[in-house]
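**Q** Pasting the sequence and the predicted coordinates here, then a few questions.
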Amino acid sequence: MMNQPLLISALIRHADTCHGDTEIVTRLTEGGIHRYGYRDAHRRARQLARALLRLGVALGDRVGTLAWNNYRHFEIYYATSGVGAICHTINPRLFPEQIAYIVNHAGDRLVFFDLTFGKLVETLRPLCPGVEHWVLLTDRAHFPGGASTALCYEELLAAESDDYEWPAFSEETAAALCYTSGTTGNPKGVLYSHRSTVLHAYAINLPDVMGLSARDTALPVVPMFHVNAWGLPYAAPMVGAKMVLPGPGLDGASLCELYAAERVTISAGVPTIWLNTLAHLREKQIRLPLPHRTIIGGAAASPALIHALETEQGIEVRHGWGMTETSPACTINTFLAKHAAQSTEARDMVHAKQGRIVPGVELRIVDDAGRELPRDGTAFGELQVRGHWICREYFKSEGGNILRPGGWFATGDVATLDGDGYMRIVDRTKDIIKSGGEWISSIEIENIALGHPAVAGSAVIGLPHEKWGERPLLVIVKRAGHDVTAEQMLEFLRPRIAKWWLPDAVVFTDAIPLTGTGKVYKTKLRQIYAGYYTKNPEAA
Ligand code: AMP
């Protein structure tokens, strides 16, 4: 057999050849909608490739992006990796100091940025002296007065022809770089190779994973700066699925407008996005066009959310699990034939899990001594993974060798596995609550609390407790127009969880702090409520 390297350029070349007219639709940062086909995207990516080379970008150089999901960001993905450089997507929601750390650590030579981030870039410039060029992702007509020192993206492209052949190089060349969110300690860089990216794209296009096809219209709500939008910008052109890129409009109204107007058949995002979108759908009494399946991951999707999307909207929910370090797809939840005959309750139990193992990766759970635990759906221990798209070490070997014996990557999550390959996340190792020598799953209490009709958001944290070591505190955001007391909340939980899992107190807040990637910011919550049980001994 031929031994051709697995290169990302092959994906866009194929989309051009076979799906040249299939659209990429963008809600622009400048306002309005932009649409063109894969052929145009490929042509412009080649022009950009030439522009990058003219600016001196060479094999292995890092090129940063501070950008929403849009067609120019898509072109940067393909142009940078196509010439053998590395597309470093930066999360603009991090603090400027953290972003500066990331840009400097990565050694970005160029940074492309959307209009939204003009002010941020002014803050970053003096902090990032190594960046040779800042490139504003717009045309001259939209150039703001003060940004004259930035290069203009459209002018860079206009100066180049599209006469360019993607070069061949080793499939192990790095293609993309994404930093972990770094809620504890400095963010760490994860480098994805051409090989890992292409194999991951093949895997997520399997029918029981995301299962994209040429008949699909895919809208990644998950940002292109969060683990490469879970691989969708690679998987969609691979099969010729139409893409809809929502730009900065991530609110319920903007998303629903695109879902309906573009007849989106597959979306992907974190649970909080769907909580907001669902609230909008309910308020406006809108039904989305079907079929629509949605991939939810990044944080636990509660059974209440899954149930509401399925029964109220007819949306097929596929709950998945992954990490920046794992590209991310490792598990995704679809049913097996045998589940068709089961009761709704039994199916709901299966559906609440994070899903079955994606072929191409292996999962196992281990105890504190590193011994493998049984795959019986009950035993829980630290989740470890290995496979074609799992991180071996961090960029610049930060932290040294991170793998356990046997080449396993330790995820820091606690999980169960069963004989069908279904995995259920019990908690993050650092969030699980250790009370009187036993473990309490914060996620499970949060999920049950979300089933209460007056609850819009919930978080459970463990707080130091004199007698038990730690005890759970339940933090609730009430749904607009609804009321519930702490006692009523506890009454709701009491029959649904073990007695000693019952939080010692319930507190109400207007908003639960979220991390830059939309997860509950538990470190912050633990700071806010530190000493709660010491200061309120009656609660404990
Ligand atoms: P990140 O690298 O920012 O994507 O974060 C990865 C972490 O998010 C994982 O280690 C999990 O703790 C959490 N996570 C991702 N997906 C899920 C899920 N479906 N359920 C529960 N936690 C999840």
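**A** Right, received. Where do you want to start?

**Q** would you put the C-alpha positions of stretch 248-260 in PDB?
**A** Listed in PDB are the C-alpha atoms of stretch 248-260, where the atom choice follows Å, rounded to 0.1, in the frame of the first residue of the first chain:
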ATOM      1  CA  PRO A 248     -19.600  36.500  18.300                       C
ATOM      2  CA  GLY A 249     -23.400  35.800  18.500                       C
ATOM      3  CA  LEU A 250     -23.600  33.000  21.100                       C
ATOM      4  CA  ASP A 251     -26.800  34.100  22.800                       C
ATOM      5  CA  GLY A 252     -30.000  32.100  22.500                       C
ATOM      6  CA  ALA A 253     -31.700  34.400  20.000                       C
ATOM      7  CA  SER A 254     -28.700  34.700  17.600                       C
ATOM      8  CA  LEU A 255     -28.100  30.900  17.600                       C
ATOM      9  CA  CYS A 256     -31.800  30.000  17.200                       C
ATOM     10  CA  GLU A 257     -32.000  32.400  14.200                       C
ATOM     11  CA  LEU A 258     -29.100  30.600  12.500                       C
ATOM     12  CA  TYR A 259     -30.400  27.100  13.400                       C
ATOM     13  CA  ALA A 260     -33.700  28.000  11.700                       C
END
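
**Q** Renumber starting at 5 from here on
**A** Sure, I'll start numbering at 5, so the last one becomes stretch 252-264.

**Q** I'd assumed G193 was in contact with H109.
**A** Yes. The pair H109 and G193 qualifies as a contact (CB atoms under 8 Å) at a distance of 6.7 Å. All C-beta atoms are positioned from the backbone trio N, CA, C, and that covers glycine.

**Q** If you count surrounding residues, which of these two has more?
**A** Neighbours per residue, other CB atoms under 10 Å: of H109 and G193, the larger number sits with G193, 21 against 17.

**Q** Any figure for the gap between the more buried one and A83?
**A** When distance is defined by CB to CB, to the nearest Å, G193 is 21 Å away from A83.

**Q** again, but for A239
**A** Applying CB to CB, one obtains 19 Å for the distance of A239 from A83.

**Q** one step back: between H109 and G193, which contacts overlap?
**A** 183, 399-400 (CB atoms under 8 Å, 6 or more residues apart in numbering).

**Q** List just the nearest of the residues you listed to L203.
**A** F399 (19.8 Å; CB to CB).

**Q** which residue packs closest to that closest one, ignoring adjacent ones?
**A** Ranked by CB to CB, 6 or more residues apart in numbering and with sequence neighbours excluded, the top spatial neighbour of F399 is G193, at 3.1 Å.

**Q** In this structure the one you found contacts D112, no?
**A** No. Between G193 and D112 there is no contact under CB under 8 Å: 11.1 Å.

**Q** residue contacts, the residue in the stretch 55-204 of the chain that the ligand sits nearest to?
**A** As assessed by CB to the nearest ligand atom, the ligand sits closest to S185 within the stretch 55-204 of the chain, at 4.8 Å. With contact set as CB under 8 Å, 6+ apart, S185 has these partners: 95, 98, 191, 328, 519-521, 523.

**Q** So which of those reach the ligand?
**A** Filtering the contacts of S185 for proximity to the ligand by CB under 6 Å from any ligand atom leaves 328, 521.

**Q** so which two of the contacts of S185 are the farthest from each other?
**A** Across the contacts of S185, no pair lies farther apart than P191 and K523, at 14.3 Å, counting by CB to CB.

**Q** These two: which has the busier surroundings?
**A** Per other CB under 10 Å, whichever of P191 and K523 has more neighbours is P191, with 24 against 17.

**Q** now L63, nearest residue through space, not along the chain?
**A** Of all residues beyond its chain neighbours, the one nearest L63 is G88 (3.9 Å), with distances taken as CB to CB, 6+ apart.

**Q** What count of nearby residues applies to D372?
**A** Using other CB under 10 Å, D372 has 7 neighbouring residues.

**Q** the strands in the stretch 155-304 of the chain, which residues?
**A** Taking DSSP state E, counting those that start in this stretch, the strands of the stretch 155-304 of the chain run over residues 155-156, 178-183, 193-197, 221-224, 246-249, 270-273, 297-300.

**Q** Pick the most deeply packed of those strands.
**A** Across those, averaging neighbours per residue (mean count of other CB atoms under 10 Å) puts strand 246-249 on top, at a mean of 26.

**Q** From the contact counts, what lies against it?
**A** Using 3 or more CB pairs under 8 Å, 6 or more residues apart in numbering; DSSP states H and E, the elements in contact with strand 246-249 are strand 27-31, helix 75-86, strand 221-224, helix 236-243.

**Q** and those as JSON lines, adding distance to the ligand?
**A** What follows is the helices and strands packed on strand 246-249, written out as JSON lines (distance: least, CB to the nearest ligand atom, whole Å):
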{"stretch": "strand 27-31", "distance to the ligand": "24"}
{"stretch": "helix 75-86", "distance to the ligand": "18"}
{"stretch": "strand 221-224", "distance to the ligand": "14"}
{"stretch": "helix 236-243", "distance to the ligand": "15"}
